[in-house]
Every structure is written in C-alpha cells, then in structure tokens.
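*Asks:* Model the following, please.
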Amino acid sequence: MRRLVLGIVALVAGSCSFTTAGNFVECKNDVDCGAATACSSGYCIPLPSGCKRDEAGGKRKAFEEESRIPLVALFPITTSSGAFDDSQVQSANAIKLAISEANDRLSPDRGFFGLFVCDTTLAPDAGGINAQAPWFITNLNAPAMFTANSGPTRELTLNAVRRDAGTLIISPNATSPELSVIFQEDPNVWRVAPPDNFQAQVLARVLAADLPDAGASRIAIIYPSPDSYGDGFANPLLEELVARGYTTSLHPYTEGDGNTHISAINGAVGKLPHASVIIGTPTDAVPIIERAKTFPVLRRSSGHRWYFTDSGKDVALITPNTITEIDGAFGTAPAQGAGAAFTTFRDVFTTRYSIDPNSTNFVSHSYDAAWLVMLAAQYAEGKEPADRTKITGPRLAEGMAKLSLSSGPATQLRADKWTELQTALSGGIATNVEGSSGQLDFSIDAGFAMSPYEVWQIADAGITVRRLMTP
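*Replies:* Okay, here's the model as predicted:
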C-alpha cells in the first residue's frame, strides 16, 4: 500500500482543454487548467498520454507563474506487468524533493521550476517516450529532461525534435558505455552515474573474493539483449572474469520474454556454472531464479551462487520463491551515499516519503541530477530578472560544465546551500560541488561523473550495503 500513496503514479489522461461548446479554455498559468493539461500560448492543452503536472514546491509557485521553467521526468514508473517500479518511483520522488527545496528558496525575480512526470510504459501505442518528449519541447519549450535507463536515454538522443531543439538530457541511471561516445557528438547528453565498464571491474573483484577458485569455476552471465545496458555491461564483465581465470559464458535473453528466460537457463545448465550473474531488473530476474530452482545444478543446496548488478538492487527481487536461493547473495551498484550531502538528503527524504533511499538504487543520483539542472539554469538565466528564453539546452550544458570543476573546496548540494550556489552560478562562477551520490567531477569528454561503487547484500529479507569500492 505504500506505493499507492506516493502521489506521482496517478498518471491519468483526463483533459479540461475544451468547453462543452468545443472552444479552448483560456488560461494565464497552469493552475487555470486541469492536472493533465498545461497552459500554452494562453490556452489549456492536454498533456501526452501517461503524463501529469506534478511538483512545483511547497507553495506550488511555478504552476502559478507564466514564467515557469518546465522540467520533465520520463521514467518507466510501471512495469510490463502493471506493478510499480520502486526504483523509478523513488527516483522521481527525489527529483520532486530537490525542486520543492529550490522553489521555496528562489527570489521572486527568478523563474520557478515546474516538474511534469511521464510514465513511459503507459503509452507504448501512443509512441511512448518518442511522443511524450517532443510534445513538451514543441508546446512548452522544455529545456531539460530526466531519463531513466540506457536504452530509452539513447533512444531520446536520436529523436529529431530533441536534437534540433538541443534539449538537455540528464539521466541518473543510464550507464551504457555507448553514451560516452554519443556525448562527444552531442554535448547536451549527461548522466550522473559512471558507465558499466567500471562497475564490471568492481563486480569481478567482488566475485573473485566470494568465489576465489577461478581455475575450477565457471560463471554464466545472463543479460538482456539487444539492449544498451545489458550488452554494455555483459561484454566488459566477460573480459574481466576471463582475465581472472574464470570460464565464462554469455547467455542473452529477450527482455520480458519468459520463454527466452528458460532458454537462457538451459544454456547455463549446459555449461554447468558454479555461479551466475544476472544483469536485469527483478521483473526479469525473479522468473529466471524460479526457473533455475528446477535444475539441481543451479540450486543453492548444490553450491550455486547468484550475483547481481545495480538494476537488481530492489526489494522486489526478494520473494518467498527466491529467498531460499539468493539469501546472502552480493551485488554492486554506483554508491548511493558516497557524498557528504547524503546524510542530510537521507533524513529529509525519509521524513517526506517514509522510505529509506538506500532500499533501492539511484535515488541520490536522481536528487543530484535535479540540483545540477536547476543550478545550470541559474547560470543560463544570469543575473538579470527572469528571462525564460535564455534557459535552453545548450546554455544548460554550459552551466553543467561550470559545475564540473574538480579543484578547490566542494560545496554540498543541500537546501541550505541553495542561495550560495545560485549566486555563484548566476554570476558565471565555476563551482566545485559534491552531491549525495558523491563528488560530481564530470568528465568534459564523456559527460559522466565518476563515483565509488557499493557492495550490497541480500540479508534478513532486505538489502544491506556492506562497503564501498573504487574501480
């Protein structure tokens, strides 16, 4: 029931854009329109399927202003089975928290931020992310968008409307190495977490410590393919494990297809693996583990071990049918609490949403992503009173570069530091910042921030972070 009260998943497609006479409803701001509509060019127009107006701060400032700065979160809030994805829900909540903190501290002469949240899985027949994102660019001139996962992020980088507008993309959790190459051609594509070739190094070290007899051990890597995340992680991990002396095999599956899950497991059985790494979400991992129990060599009682990656760090992985096999299993993920600002963020987030951000992944990365975009907007806006036309994707990218400084004392991304940071960025001053996810020293050649990784373990029917490691 906890998920039902989070408030961001009631994404309905109702419309108040027309009167009973068929005329447009006139408006001065979004508040004049319904929750599933927005004010554009003086009229209420319906949002795309799966999208809603969401967060503007405790006083709802942004949606009461004609100069609101629209930010859009494009997340797969629901899974293919219709359940809520806790990782995406909490990531959206983290963005909401950051926006409310900033808006409550902005001076009246600045533009306020308004968040629109789109569930990208609710409208596949209507074009999904490739219909939702261009709508906000065309109708609201949205300068920045938050995206989830490597595949959808890459897809949006190729969207013609997005590319022509230069809209900034920032992803808290897109970790495909391919996106570093894309950034070199499109400097408006950023992500907070580092690419998976670094996580592959850390996971290989974790596995070697937990299963040290490399010369006699066989490892199966089970991953979604074709998929930017799955392919981009599996191949570097294969190289790392082979280099350590493990006999390693790749077993791709089609995401969401139970039959290929079974095929993947049958292939793994043929190789008699001593351990298996699942690169995938609980939606994919749970049926794989359940199917594995039907084969004696893949049972925990036979000595088989499971390992997981960042996409598996979710309590949904733990079910009555899987706990017997995965209790004590290890996984890795970009570290949530590596930054000095994490303690404050964790306390505020837990108070507001009644959940520990450590219970899933990339929540602190999402909070940092929102802060970075809003501070970049202060740079774009400059010292002059609110001028929305100056806040564009390319100008935001320039602001991101100002936040990539890796020297000098770092200022924490916290609510009480907003005024100090706003003043610096609006004055064009390059500033070293540290977020909740870690030091945000972005590579200006690849568009990502390097950070430590956490080693997490399934224990006591929950997830516990054991230690931090660096590549």
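*Asks:* what sits against residue 402?
*Replies:* 376, 379, 425, 428, 429, 430, 431 (CB atoms under 8 Å, 6 or more residues apart in numbering). Yep, even glycine has a C-beta here, placed from its N, CA and C like the rest.
*Asks:* So the third one, which state does it fall into?
*Replies:* Spelled out, it's residue 425. Classification of residue 425 using DSSP: H, G, I helix; E, B strand; the rest coil returns helix.
*Asks:* burial measure for it, as a count.
*Replies:* If you count neighbours by other CB atoms under 10 Å, residue 425 ends up with 24.
*Asks:* again, but for the second one
*Replies:* Other residues near residue 379 come to 26 when the count uses other CB under 10 Å.
*Asks:* again with the fourth one
*Replies:* Here the count is done by other CB under 10 Å, and residue 428 has 13 residues near it.
*Asks:* Relative to residue 112, how far out is the nearest residue to it once chain neighbours are set aside?
*Replies:* Distance criterion CB to CB, 6 or more residues apart in numbering; nearest residue to residue 428, sequence neighbours excluded, is residue 379 at 6.4 Å. Computed as CB to CB, to the nearest Å, the residue 379 to residue 112 distance reads 17 Å.
*Asks:* Please name the residues that touch the residue nearest to residue 428.
*Replies:* 395, 396, 398, 399, 402, 425, 426, 428.
*Asks:* if you set the cut-off to 7 Å instead, what comes out?
*Replies:* 398, 399, 402, 425, 426, 428 (CB atoms under 7 Å, 6 or more residues apart in numbering).
*Asks:* Just the closest of the residues you listed to residue 208, please.
*Replies:* residue 402 (40.3 Å; CB to CB).
*Asks:* Pretty sure residue 277 sits against residue 304.
*Replies:* No: using CB atoms under 7 Å, residue 277 is not in contact with residue 304, being 11.9 Å away.
*Asks:* between the two, which one's more packed in?
*Replies:* A direct count of neighbours by other CB under 10 Å for residue 277 and residue 304 places residue 277 higher, at 29 against 20.
*Asks:* Is that one in a helix, a strand, or coil?
*Replies:* strand.
*Asks:* separation between residue 101 and residue 357?
*Replies:* For residue 101 relative to residue 357 (CB to CB), the value is 15 Å.
*Asks:* what residue ranges in the stretch 1-150 of the chain score low on pLDDT?
*Replies:* Low-confidence segments of the stretch 1-150 of the chain (pLDDT under 70): 1-23, 56-62, 65, 123-127.
*Asks:* hmm, 80 instead?
*Replies:* 1-24, 55-67, 79-82, 107-111, 122-127 (pLDDT under 80).
*Asks:* what about the strands in the stretch 301-450 of the chain?
*Replies:* With DSSP state E, counting those that start in this stretch as the criterion, the stretch 301-450 of the chain has strands at 305-308, 330-334, 411-412, 433-434.
*Asks:* can you list contacts of the longest one?
*Replies:* Contacts of strand 330-334 from elsewhere in the structure, counted by CB under 7 Å, 6+ apart, are 193-194, 199, 202-203, 206, 210, 307-310, 312-313, 361, 365, 437, 451, 453-457.
*Asks:* If we use 8 Å, what do you get?
*Replies:* Contacts of strand 330-334 (CB under 8 Å, 6+ apart): 175, 193-194, 199, 202-203, 206-207, 210, 307-310, 312-313, 361-362, 365, 437, 451-458, 466, 469.
*Asks:* Write the ChimeraX selection for whichever of those are buried.
*Replies:* To isolate the buried ones among the contacts of strand 330-334 in ChimeraX, judged by 16 or more other CB atoms under 10 Å, type:
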select :175,193,194,199,202,203,206,207,307,308,309,310,312,313,361,362,365,437,451,452,453,454,455,456,457,458,469
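*Asks:* what's the helix or strand for the spatially closest residue to residue 464 that is not a sequence neighbour?
*Replies:* Distance criterion CB to CB, 6+ apart; nearest residue to residue 464, sequence neighbours excluded, is residue 457 at 5.5 Å. Assigned by DSSP states H and E, residue 457 belongs to strand 453-459.
*Asks:* same for that strand, what does it pack against?
*Replies:* Helices and strands touching strand 453-459, as assessed by 3 or more CB pairs under 8 Å, 6 or more residues apart in numbering; DSSP states H and E, comprise helix 196-210, strand 330-334, strand 462-469.
*Asks:* so of these, which one's packed in deepest?
*Replies:* strand 330-334 (a mean of 25; mean count of other CB atoms under 10 Å).
*Asks:* Please compute how far that one lies from its chain's middle.
*Replies:* The chain centroid and the centroid of strand 330-334 are separated by 15 Å under CA atoms, centre = their mean, to the nearest Å.
*Asks:* next one: stretch 93-110
*Replies:* 20 Å.
*Asks:* which of the residues in it are buried?
*Replies:* 93-103, 106, 110.
*Asks:* Mind checking which of the residues you listed are in helices?
*Replies:* Using DSSP state H, 93, 94, 95, 96, 97, 98, 99, 100, 101, 102, 103 are the members of those that sit in helices.
*Asks:* Output these in CSV, with distance to residue 179 appended to each entry.
*Replies:* Shown next, in CSV, are these (distance: CB to CB, whole Å):
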residue, distance to residue 179
93, 24
94, 21
95, 20
96, 25
97, 26
98, 23
99, 24
100, 29
101, 28
102, 26
103, 30
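*Asks:* dump the residue contacts of the residue nearest to residue 331 when sequence neighbours are not counted.
*Replies:* What sits nearest to residue 331 in space, not counting adjacent residues and going by CB to CB, 6+ apart, is residue 308, at 3.4 Å. The contact partners of residue 308, taken as CB under 8 Å, 6+ apart, are 277, 278, 285, 317, 329, 330, 331, 332.
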